[in-house]
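Q: mind looking at a prediction? Sequence and model below.
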Amino acid sequence: MALHDHISPGIHTAWPLAEEVILSKARLSFSLVCILLFVGLIGGCANPKYPSLPEATYQMRYGWKYKIGPGDSVQIFVWRYPEVSTTVPVRPDGYISAPLLEDIPAAGKTPTELARDLEEALSVFLRDPLVTVIVQGFVGIYPEQIRVLGEAVQPSALSYRDGMTLLDLMIAVGGISEFADGNRSVLVRFEDGEMKQYTVRLRDLIQDADLSANVDLQPGDILLIPESWF
């Protein structure tokens, strides 16, 4: 079926700019600096006594849904219209561009939400478009990434995965360095808009294989690993 048989007159919809994506990244970077200063890992301050977290449950959360972020690759399948089916990257500003469409906001949406938005936009040009979106090369939105700072072998920002634990995170970053004071590490978590800190025992978990030190992670967690004083 030829594409031109189903194209109807229309004008491209003007999409709002994704300034909130850029502003969110800037606010997050500022927050990370504030967290480091607050926790006291800069300047060699003694580590306060923070509460501990419960042992890992090793269970999926299921209620959590992945949200598309800049750097993701999304495959767009339009049923009956292979001419407009394609795979595109999510730009740093959170938008995607696709055949017949320009500047579609994608960041912060689930694949299903993006598919419905694409159907609405394509309906100006195609008859009854049915769209499926498949995410490839997961990166995720910045506020939901897991960050590891300090004395990790490979400090990194990683995409959260449902059921992820502290042990999974340590495997991903290669463990702690020889200079790390693993049992003084702090997990920073935002709960109901409030920043909270928890003590985690990385040395016990990694060197002593003490699985009671393993804890469940949540989207947006930040792990701070201090350097040993001696």
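A: Nice, thanks for sending it over. This is a predicted model, so every value here is computed, not measured. Numbers count the residues shown, from 1 in each chain.
Q: thought residue 137 was touching residue 70?
A: No. Counting by Cβ atoms under 8 Å, residue 137 sits too far from residue 70 to count as a contact (11.5 Å). Any C-beta I mention is one placed from the backbone N, CA and C, and that applies to glycine too.
Q: between these two, which one's more packed in?
A: Taking other Cβ atoms under 10 Å, residue 137 and residue 70 do not tie; residue 70 has more neighbours (22 against 12).
Q: residue contacts, that one?
A: Residues near residue 70 by Cβ atoms under 8 Å, 6 or more residues apart in numbering: 21, 90-94, 107, 139, 141-142.
Q: change it to 7 Å
A: Neighbour list for residue 70: 21, 90-92, 94, 107, 139 [criterion: Cβ atoms under 7 Å, 6 or more residues apart in numbering].
Q: can you select the buried ones from these in PyMOL?
A: If you want just the buried ones from the contacts of residue 70 in PyMOL, going by 16 or more other Cβ atoms under 10 Å, the selection is:
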select buried, resi 21+90+91+94+107+139
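Q: export the contacts of residue 70 to TSV and tack on pLDDT?
A: Below are the contacts of residue 70 laid out as TSV (pLDDT from 0 to 100):
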residue	pLDDT
21	47
90	98
91	97
92	97
94	97
107	97
139	92
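Q: how is this protein carved up into domains?
A: According to automatic domain parsing, the chain comprises the domains 21-64+142-225, 67-136.
Q: most packed of those domains?
A: Each of the domains of the chain was scored by mean neighbour count; the highest is domain 67-136, a mean of 18, by mean count of other Cβ atoms under 10 Å.
Q: so how far is that domain from its chain's centroid?
A: 19 Å (Cα atoms, centre = their mean, to the nearest Å).
Q: now swap in stretch 181-188 and tell me
A: Worked out by Cα atoms, centre = their mean, stretch 181-188 lies 22 Å from the chain centre.
Q: sorry, back to before: restricted to strands, list the contacts of residue 70.
A: Among the contacts of residue 70, the subset assigned to strands under DSSP state E is empty.
Q: which one of the contacts of residue 70 is nearest residue 185?
A: When these are ranked by distance to residue 185 (Cβ to Cβ), residue 139 comes first, at 24.9 Å.
Q: that closest one contacts residue 67, doesn't it?
A: No. Between residue 139 and residue 67 there is no contact under Cβ atoms under 7 Å: 10.6 Å.
Q: quick check on residue 223: phi, psi?
A: phi -110, psi 120 (degrees, to the nearest 10).
Q: apart from its chain neighbours, what residue comes closest to it?
A: Among residues not flanking residue 223 along the chain, residue 148 sits closest, at 4.8 Å (Cβ to Cβ, 6 or more residues apart in numbering).
Q: what helix or strand is the one you found on?
A: Residue 148 belongs to strand 146-150 when elements are defined using DSSP states H and E.
Q: now do that strand: which elements does it pack against?
A: helix 166-173, strand 222-225 (3 or more Cβ pairs under 7 Å, 6 or more residues apart in numbering; DSSP states H and E).
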